[in-house]
Structures are given as C-alpha cells and as structure tokens.
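Q: I'd like to go over a predicted model; first the sequence, then the structure.
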Amino acid sequence: MRIRATVAAVTGALALSAFVVPAAHAADSSSSYRADVAKVLKAAHSASAKGAFRTATATAADDEPYALNVSFSNVKVNGGKAFAVGTTNHVAVPVTYTLTHGTEVKITAADFLTGPYLYKGSFTDPDNMLFGVDPAKCTATSSTTASCKGNIDVYPAEGDLINSDAGAWKAAGLAIAYNGQNPDSPTFDISKVGVADQGGFTSPNVQRYSRLTVNAAPEPVKKGKTVTVTGKLSRANWETNKYAGYTGQSVQLQFRKKNSSTYTTVKTVKTDGTGNLKTTTTASVDGYYRYSFAGTSTTPAVKATGDFVDVK
C-alpha cells in the first residue's frame, strides 16, 4: 500500500472510522486491514506530531483517541536480511516482535489488532509505507508481554513501490484497541479507542530484484583464439513493471575449468548505458564463463549461470 506525502492526512473521527475494521466488524476481506491502516496512520502521525493523543484517563476532545499503553521491542524484519522485490510477484516479508502492554489492555479481545509496517523517510511524514495484508498473531508470554509474528506484504504490480524507494527503510509497530466501539455505528465514540504507534526500528534494505545473463562465443573455439563474452545486468523497474539495464556498474567476468567447482575472476567490466556487457579473453582450456555482480544497497548481488565453451 503506497502512501505518498501528497496524500492529504485524515483527521479526527473520520480518521478513526477509516482505521482498521475490527475482526468482528470486517466484511470479509483481510485486504481492508491493509488499506484502512494506511489511511489512519497518516492521521495518527499527524495527531501525534501535534500532541493530540491523550492518556486513557485524561479529558480530551470527542474526536481524539487515547494513547494505548502498548510498546514494541525486539523488532526483526526478514531475519535482518535485505529483501528484493521484482516487477510482478507478491513478496511476503516475515516480521517478529515483542509487544508489552499494561494489565488494563486486553490483547486477546476480538477488536484488539496489532501489526508491523515499514516506512520510508521520516516517521511523522513518511514518503511511503508498507503493511501486511493481515494483522499479526500474538502469543502471550506473561501477563504483560506477548511474542508476535506478522508479514509485510508487497505487491509491485499494484504500485506499492517506485524506484526511489529502493534502499533504507525503518520498521514500526501498531496496535489498536476498539474496546467494543463499532466505527460503523452512529454511537461510535472515538475517545474510547486506543492507539499505539511506535517507529524507529531497524529494517533491512528493500532492493530492486536483479538479473544477469552471459553468452560466450564462438562455441567451440580453437585454443589461443579470442572468446567474446556478452551479457546484461538488469533490475526491476517498479514504475514500468519491467526489467531495465543497470548502467555504469562494475561486473566481474569469471571462469572455471571444466572439472573444477571454483570460479576465478578474469577481469572487471562495466555495464554500458543500457546495462550491456561485452569483453574478450583468450581461450585456453574447456570451461565455463559467467558474470558476477556484487550488488549495491539498492540492488542485490547476482551471478549468471555459467556458459560452457569447448576449446579445441
């Protein structure tokens, strides 16, 4: 779910009515969790910046939720490893965290929901946010703590990401207690709804999936003659949903002998303005040529499948 800074923030009662619909009131689709959380977080961040959240016992305006006594810790996204997103396939990124709550917070209630999310940019005014399709599932480990597991679901074909989103993100935790309030009811009292929203947790980089090809020719070739090795380094373009050449990148040409399992680097080649690679080497023995890319903060490492050349 993409939320850009150009999207207007929702506020007050409208914001919380757009919040996560509790399981008891959800029509059926878990996708409503993802969509509605995105809407309300924009409002929650805006309210938090203005100091609008209050304690559960403090007096406040009728259109303000109270600060839920919940905090998050030990947030781990994808085991701490960067993850790559292609152009079409859904990517489910696992997240685990510890939820700590006051004894007055009933995390087993049907209308208590929690989940992780990722955000790009600042916490109070993020450039983009990514959520799970479903809320997280938590198991109580004591009277005030729980171990939670959830997913971040990324759908590149639906416009969840643009190319500038590649790189560093942060993680956050969210919890909502509706306390029996039904957002669809005419008697809905937003002041009885609690919200906890905590960011600043470490997240691994979100990367643009990469591809690398190789072709060594001619095949076969006479010993001592020139072998021309071509290929292309490309990566996902999240704005066109196609793969495009990754330009100006250093890529290693590697070779392994026919009966060996170890590749050695022959030379380093740079991709041209369309991501193409081309270089030459001298044929000596039968073996496999491949290109190997070490990766960057925005694009994962990738190795082409070796191309066999028979030397006569």
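A: Perfect, thanks for sending it. Numbers count the residues shown, from 1 in each chain.

Q: low-scoring stretches of this structure, by residue?
A: Under the criterion pLDDT under 70, the flagged ranges of the chain are 1-31, 35-63, 184.

Q: got phi/psi on the residue positioned nearest the centre of it?
A: For the chain, the residue lying nearest the average C-alpha position, counting by Cα atoms, centre = their mean, turns out to be residue 206 (5.3 Å). Dihedral angles of residue 206 (phi, psi; degrees, to the nearest 10) stand at phi -100, psi 120.

Q: identify the residues contacting it.
A: For residue 206, the contact set (Cβ atoms under 8 Å, 6 or more residues apart in numbering) comprises 82-83, 85, 118, 130, 154, 161, 165-167, 169. Every C-beta, even on glycine, is put in place using the N, C-alpha and C of the backbone.

Q: for those, which single residue is the most surrounded?
A: residue 130 (29 neighbours; other Cβ atoms under 10 Å).

Q: past the helix or strand encompassing it, which element shows up next along the chain?
A: Here residue 130, judged by DSSP states H and E, is contained in strand 126-131. Following strand 126-131 in sequence order, the next helix or strand is strand 137-140 (DSSP H and E).

Q: that following strand pairs with which strands, and in what direction?
A: According to DSSP bridges, strand 137-140 forms sheet pairs with strand 145-154 (antiparallel).

Q: which parts of the partner strand are buried?
A: 146, 148, 150-154 (16 or more other Cβ atoms under 10 Å).

Q: now stretch 256-272
A: Going by neighbour count (16+ other Cβ under 10 Å), the buried part of stretch 256-272 is 263, 269, 271.

Q: can you redo those residues as TSV with distance to residue 291 and secondary structure?
A: Formatted as TSV, the buried residues of stretch 256-272 follow (distance: Cβ to Cβ, whole Å; DSSP: H, G, I helix; E, B strand; the rest coil):
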residue	distance to residue 291	secondary structure
263	11	coil
269	8	strand
271	10	coil
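
Q: name the nearest of those residues relative to residue 71.
A: Nearest to residue 71 among these is residue 271, at 46.4 Å by Cβ to Cβ.

Q: measure the closest one to residue 86 for me?
A: 19 Å (Cβ to Cβ, to the nearest Å).

Q: tell me which of the contacts of residue 206 is nearest to residue 183?
A: residue 130 (23.6 Å).

Q: about what we covered before: need the buried residues of stretch 256-272 in TSV with distance to residue 186, can you?
A: Putting the buried residues of stretch 256-272 into TSV (distance: Cβ to Cβ, whole Å) gives the following:
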residue	distance to residue 186
263	69
269	68
271	62
